[in-house]
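Engineer: Dropping the sequence and predicted coords here.
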Amino acid sequence: MRSSLLLVACVACGARPQPAPPAALHDVVIRGGLIVDGRGGPPALGDLAIDGDTVTAVGDVGGARGRREIDAHGLAVAPGFINMLSHSEVSLIADNRSQGELREGVTLEVLGESSMGPVDDAMKKHMTAEEEDIKYPIAWDTLGGYLDWLAARGLSTNVASFVGAGTVRERVIGLVARHPTDDELAKMRGFVAQAMDEGALGVTTALMYEPDTFATTHDLVELAKEAAAHHGVFTAHIRDEGNHVGEAIDEMIAIAREAAIPVEIFHFKQSGKNNWSKLPDMIAKIEAARAQGLAITADMYTYPAAETGLDASMPRWVQEGGLEAWRERLRDPEIRAKVAAEMDQLDPGWDNAFAHAGPAGIKIVDFKSQALRPLIGKTLAEIAAMRHKTPEETAMDLVIEDDSRVGCVYFLMSEDNVAKEVAIPWMSFGSDEASMSTEGVFLHTSAHPRAYGNFARLLGRYVREQKVITLEEAVRRLTSLPATNLHLDKRGALAPGYAADVVVFDPATITDHATFDVPHQYATGVSYVLVNGTLVIDHGEHTGAHPGRIVRGPSYKPAAK
């Protein structure tokens with residue numbers, strides 16, 4: 001009655017009732033989901049509003065509407081996941097949809113363990129010779145040129161990259177096993193500085209492989225200092241993940257200290273059963289360094305097997321000079337005998353994956369040669385038996401015959417240790433694999449299941465089933481932790497003003513399906529993925545959109561136009 005009287009009074013005095021303000025209209029509203037904001041706090045039911053490429057509201061958006069509304073009741077809403085170590089440099093050329101990673105929530109792929117620039121004509125010749133099913137023109141000379149070229153083709157995920165220490169080394173002194181001169185080291189630093197200006201996140205190295213393995217700690221410190229001067233990070237596949245893993249971690253700590261730079265250890269592990277018991281000591285070593293103020297972190301994949309090539313089974317000296325020089329040496333009977341003898345030693349002075357896994361624990365997953373592809377899926381022991389040769393001889397023969405390093409999965413890690421590593425609070429996650437699709441060129445070879453399931457496996461196996469960590473902690477380590485470690489601005493959290501990279505998934509069903517025997521299978525349980533505010537996964541299917549961008553490091557200097 002009172003409101004009616006007020007209305008009559010207003011009419012009597014000539015006033016008109018004011019209409020309610022129109023409800024806000026956003027580009028996208030995700031409504032009623034369990035918001036897991038990436039910062040590690042408890043999840044809460046709420047809404048998310050997006051305008052353009054930016055999150056504009058989190059929590060209760062009231063009567064606001066969206067041009068596109070997504071019902072997230074019963075689902076988790078989180079920042080898009082960051083793959084700390086992707087090898088999609090070439091796979092994105094073949095298929096820029098990046099379905100293997102998007103379908104498990106990855107919105108940023110970090111490349112560069114062996115970066116695509118800087119390169120000269122000799123390096124381009126080597127790269128072209130090593131191409132397999134995916135052929136592509138090398139239409140760039142610098143890392144920035146590659147990133148621009150890749151972006152111009154369209155991307156469904158965001159991409160960032162490090163510059164490779166091995167890449168700049170090869171650019172300056174080739175593939176030889178010698179120390180650089182002071183002038184050469186200065187040139188290498190110059191290439192790092194150039195890459196940082198082009199948007200690199202820092203400098204990285206793969207110290208198990210040539211030519212990276214020929215670098216001294218001093219060389220690495222000098223390159224790390226250059227990256228530090230540009231607010232970058234130093235990352236590494238450490239020199240030894242097996243018998244000398246402690247010394248290899250000590251080297252990373254020394255680099256962090258001497259170069260005053262944050263250090264990330266790629267795919268943290270202990271290779272070989274005789275080394276599995278070293279995990280507590282490795283954790284203690286890193287935590288002691290962190291207690292001293294050094295920024296040491298690590299990432300991992302959620303499987304007990306690694307993937308690399310048969311180069312991990314042979315001494316580094318035989319590989320000096322690149323693939324063709326390696327193959328030529330393997331044709332020499334005296335060298336073959338020496339190589340075989342070292343392969344049989346558990347501690348020959350290099351990280352011997354052959355001895356750690358054993359021939360029965362080495363599964364062949366990739367050949368360049370069509371004639372050899374019927375052997376894919378067999379172990380090295382099985383192929384050796386078929387050929388009536390020793391596994392050592394067979395490994396050498398396969399490298400010669402295939403004109404490649406030959407892709408292999410090595411079963412050399414502990415499932416118990418994987419779970420313990422998942423629990424480490426400074427551990428993030430990287431697939432250490434290319435993003436693939438279950439079609440086309442990718443089906444010509446096998447793969448490691450981490451290409452399709454690394455992140456879904458974390459959330460399904462280690463969060464939901466084994467309860468190693470909570471959902472909010474897992475999301476923190478997939479989002480804000482790597483974003484902070486990489487010095488990324490406005491990424492890795494759901495908050496107003498942050499990039500609208502968002503994944504909507506079902507914590508009760510998210511599951512990896514890829515196996516070592518049948519790897520080409522997508523994960524399930526992810527319903528929606530937005531990259532820079534655009535839906536790329538809608539009701540579990542790719543939309544065909546390509547809103548991905550190159551995410552540049554903090555010292556990026558746009559080229560003058």
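Structural biologist: That came in fine, so what should we check first? Only a predicted model underlies this, so the values are computations on that prediction, with no experimental measurement involved.

Engineer: going forward, measure contacts and count neighbours with C-alpha atoms only.
Structural biologist: Fine.

Engineer: any idea which helix or strand comes after the longest strand seen in the chain?
Structural biologist: Determined from DSSP state E, the single longest strand within the chain is strand 25-35. Per DSSP states H and E, the first helix or strand lying C-terminal to strand 25-35 is strand 44-51.

Engineer: Need the residues that contact the longest strand of the chain.
Structural biologist: 43-52, 59, 64-78, 533 (C-alpha atoms under 8 Å, 6 or more residues apart in numbering).

Engineer: Could you check the angle it makes with strand 44-51?
Structural biologist: Calculated by axes from the mean of the first three to the mean of the last three C-alpha atoms, to 10 degrees, strand 25-35 forms an angle of 150 degrees with strand 44-51.

Engineer: how is the protein carved up into domains?
Structural biologist: Following automatic domain parsing, one finds the domains of the chain at 165-262+271-295, 319-411.

Engineer: so which of those comes closest to residue 98?
Structural biologist: Among the domains of the chain, domain 319-411 comes nearest to residue 98, with 19.9 Å by C-alpha to C-alpha.

Engineer: picking that back up, so for residue 443, which of the domains of the chain sits nearest?
Structural biologist: Residue 443 lies closest to domain 319-411 among the domains of the chain, at 10.5 Å (C-alpha to C-alpha).

Engineer: what is the mean pLDDT for that closest one?
Structural biologist: For domain 319-411, mean pLDDT is 97.

Engineer: now that domain, how far from the centre of its chain.
Structural biologist: Distance of domain 319-411 from the chain centroid (C-alpha atoms, centre = their mean, to the nearest Å) equals 26 Å.

Engineer: again with stretch 255-269
Structural biologist: Distance of stretch 255-269 from its chain centroid, counting by C-alpha atoms, centre = their mean, is 16 Å.

Engineer: Can you tell me what sits against it?
Structural biologist: Contacting residues not belonging to stretch 255-269 are listed as 85, 217, 220-222, 224-225, 227-228, 232-238, 241, 252-253, 294-301, 413, 429-430, 432, 485 [C-alpha under 8 Å, 6+ apart].

Engineer: Could you check how far residue 278 is from residue 70?
Structural biologist: According to C-alpha to C-alpha, to the nearest Å, residue 278 and residue 70 sit 47 Å apart.

Engineer: hmm, back to that, list buried residues within the contacts of strand 25-35.
Structural biologist: 43, 45-51, 59, 65-66, 70, 72-73, 75-78, 533 (16 or more other C-alpha atoms under 10 Å).

Engineer: Flag every buried residue along the longest strand of the chain.
Structural biologist: By 16+ other C-alpha under 10 Å, the buried positions in strand 25-35 come out as 25-35.

Engineer: and what of stretch 142-158?
Structural biologist: 142-147, 150-151, 154-158.

Engineer: for stretch 419-439, same thing?
Structural biologist: Buried residues in stretch 419-439 (16+ other C-alpha under 10 Å): 419, 421-424, 426-437.

Engineer: and the end-to-end length of it?
Structural biologist: With C-alpha to C-alpha as the measure, stretch 419-439 spans 32 Å from end to end.

Engineer: Then stretch 293-308?
Structural biologist: 34 Å.

Engineer: again with stretch 495-504
Structural biologist: 16 Å.

Engineer: Tell me the buried residues in that stretch?
Structural biologist: Buried, per 16+ other C-alpha under 10 Å, within stretch 495-504: 495-504.

Engineer: Check stretch 437-447 too.
Structural biologist: 437, 442, 445-447.

Engineer: Repeat that for stretch 123-137.
Structural biologist: 123-124.

Engineer: With stretch 471-490 instead?
Structural biologist: In stretch 471-490, counting by 16+ other C-alpha under 10 Å, buried: 471-483, 485-488, 490.

Engineer: ditto for stretch 371-386
Structural biologist: 373, 375-384.

Engineer: ditto for stretch 397-415
Structural biologist: 397-400, 402-414.

Engineer: Repeat that for stretch 98-107.
Structural biologist: 98-107.

Engineer: Give me the contact list for it.
Structural biologist: Contacts with stretch 98-107, where a contact means C-alpha under 8 Å, 6+ apart, come from 80-83, 92, 155-158, 435-438, 451-453, 455-456, 501-504, 522-526, 529-531, 537, 540-542.

Engineer: let's see 7 Å
Structural biologist: Contacts made with stretch 98-107 from outside it, assessed by C-alpha atoms under 7 Å, 6 or more residues apart in numbering, are listed as 80-83, 92, 156-158, 435-437, 451-452, 455-456, 501, 503, 522-523, 526, 529, 531.

Engineer: circling back to that earlier point, tell me which strands the longest strand of the chain pairs with, and in which orientation.
Structural biologist: strand 44-51 (antiparallel), strand 65-71 (parallel), strand 76-79 (parallel) (DSSP bridges).
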